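Q: Sequence first, predicted model second:
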Amino acid sequence: MEIIKVPAINGLGMTKGTELAPDRISPKGETLSLDNSNIAEQEKIIYKNAKEKTIFIGGDHSISYPIVKAISEKQANLKLIVLDAHPDLMPPMENPTHEEWLSAIIGKGLEPKNVLLIGARNIDPAEKEYPIETIAIGKLANAKEKIKEFAKDNQVYLSIDIDFFDAEVAPATGYPEKNGASKEQGLQLIKDIVENTNIIGADLVEVNPTKEGAEKTIELAKEILESLKKQN
């Protein structure tokens with residue numbers, strides 16, 4: 001897959017530093033020229049450059065909104081698999097941030113039944129209204145068959161927030177959460193998704209090189225990237 005680096009942030013000041021991650025994670029790939037002080041224009045540029053068979057390295061999770069929006073407009077029954085400690089289903093803003101990009105995508109027409117959220121464990125009551133499929137961390141060992149059934153013969157976009165992993169495994173992120181996936185669990189899950197679904201695009205977001213534990217988290221991100229690159 002092609003690599004596009006997206007050093008974008010729209011996290012209301014809470015994700016500053018993630019724009020430095022793409023170059024730390026991958027020396028290869030095109031880098032989008034973005035102005036993080038002009039969110040509307042930034043969103044347009046990401047949307048314009050969103051294409052299939054590409055791995056997008058962020059930046060924060062707000063980048064997934066224009067990417068998935070663009071790809072879903074071309075793929076009528078796109079399935080979206082999200083690995084994240086947080087549902088990102090808060091009421092959407094005009095230019096969705098990292099906290100409500102997923103609810104914004106659903107608001108643009110992506111059916112909730114076409115979303116599979118894996119690993120969420122810090123959930124606001126307002127985020128429980130959406131009828132999407134979920135898999136808890138404790139169920140990862142048996143997730144492969146459910147993922148295969150969910151994806152079936154459809155095209156899949158995979159979005160990976162590094163905080164899907166336990167805070168001890170991936171500490172350098174804005175909102176590290178305990179009780180997440182171990183390194184082995186998470187990498188095996190990503191391998192299973194790559195091998196058992198038709199992935200047409202993916203993103204890796206929320207690594208923050210300015211946080212404590214950066215090297216450990218960046219090395220994990222590099223391993224994730226290698227797994228994603230194995231998708232044809």
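A: That came through fine. Numbering: from 1, shown residues only.

Q: going forward, measure contacts and count neighbours with C-alpha atoms only.
A: Fine.

Q: list the helices and strands the lengthiest helix in the chain packs on?
A: Assignment by DSSP state H gives helix 214-229 as the longest helix of the chain. Packing partners of helix 214-229 (3 or more CA pairs under 8 Å, 6 or more residues apart in numbering; DSSP states H and E): helix 21-25, helix 183-196, strand 198-205.

Q: which of those is buried the deepest?
A: strand 198-205 (a mean of 26; mean count of other CA atoms under 10 Å).

Q: Need the contact partners of that one.
A: 18, 51-61, 64, 151, 153-162, 221, 225, 228, 231 (CA atoms under 8 Å, 6 or more residues apart in numbering).

Q: how about the strands in the chain?
A: Ranges of strands in the chain, per DSSP state E, are 2-6, 30-31, 54-58, 79-83, 115-118, 133-135, 155-161, 198-205.

Q: TSV please, covering the ones you listed and showing distance to Gln42.
A: Shown next, in TSV, are the strands of the chain (distance: least, CA to CA, whole Å):
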stretch	distance to Gln42
strand 2-6	10
strand 30-31	13
strand 54-58	13
strand 79-83	22
strand 115-118	25
strand 133-135	31
strand 155-161	19
strand 198-205	16
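
Q: Throw the ones you listed into JSON lines and include mean pLDDT and distance to Pro96, thanks.
A: Shown next, in JSON lines, are those (pLDDT from 0 to 100; distance: least, CA to CA, whole Å):
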{"stretch": "strand 2-6", "mean pLDDT": "98", "distance to Pro96": "16"}
{"stretch": "strand 30-31", "mean pLDDT": "98", "distance to Pro96": "22"}
{"stretch": "strand 54-58", "mean pLDDT": "98", "distance to Pro96": "15"}
{"stretch": "strand 79-83", "mean pLDDT": "98", "distance to Pro96": "16"}
{"stretch": "strand 115-118", "mean pLDDT": "98", "distance to Pro96": "18"}
{"stretch": "strand 133-135", "mean pLDDT": "97", "distance to Pro96": "22"}
{"stretch": "strand 155-161", "mean pLDDT": "98", "distance to Pro96": "16"}
{"stretch": "strand 198-205", "mean pLDDT": "97", "distance to Pro96": "15"}
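
Q: Ala143: which of the ones you listed is closest?
A: Proximity to Ala143, assessed across the strands of the chain by CA to CA, is greatest for strand 133-135 (7.2 Å).
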